[in-house]
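Peer 1: mind folding the following:
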Amino acid sequence: MPRNRALSPMKPALADLERARGPLTAARPISGISAATLGTLRKRKRGGDEHLAQQERHLERNLAQVDRHWQLTMEAAARAREEEMALRREENTQTEAFNLAFLRTLGQVLGGSRHGPSPQEDEPPL
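Peer 2: Residues are numbered from 1 along each chain as shown. Coordinates of the predicted model:
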């Protein structure tokens with residue numbers, strides 16, 4: 001009994017197959033595959049290459065689409081930040097105007113002279 005059969009009793013050795021069927025060459029079809037079937041397999045393989053190229057193009061388009069989506073998202077986020085900053089600047093301007101008007105009114109109510117000069121001394125009285 002050959003040594004490799006002892007290691008794998010369920011699988012015949014390649015040498016045993018070659019003795020039983022002859023050498024595996026292109027001249028002799030493998031397990032009954034006809035030349036037409038081999039031609040079809042070759043065409044499928046070429047079609048497989050085309051399929052792989054098509055998948056690659058599809059993946060490249062998807063990556064470009066994801067990249068464009070990411071860019072649009074980042075641009076939208078930047079615009080939102082700019083709008084938020086503009087709103088905050090306007091709120092700060094309004095708050096500052098309110099605070100100055102409040103202090104001016106408070107100064108008028110308290111008489112201004114007891115607490116020193118009012119914040120807007122350079123403005124003429126109304």
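
Peer 1: just the helices in the chain please.
Peer 2: Using DSSP state H, the helices assigned to the chain run over residues 3-7, 14-21, 35-110.

Peer 1: any idea which of the ones you listed has the lowest pLDDT on average?
Peer 2: The minimum mean pLDDT among the helices of the chain belongs to helix 3-7 (a mean of 50).

Peer 1: could you measure Gln54 against Val66, distance?
Peer 2: 19 Å (C-beta to C-beta, to the nearest Å). Bear in mind the C-beta positions are built from the backbone N, C-alpha and C, glycine included.

Peer 1: ok so, going back, would you turn the helices of the chain into a markdown table with mean neighbour count?
Peer 2: Output for the helices of the chain, formatted as a markdown table (neighbours: other C-beta atoms under 10 Å):
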| stretch | mean neighbour count |
| --- | --- |
| helix 3-7 | 10 |
| helix 14-21 | 11 |
| helix 35-110 | 10 |
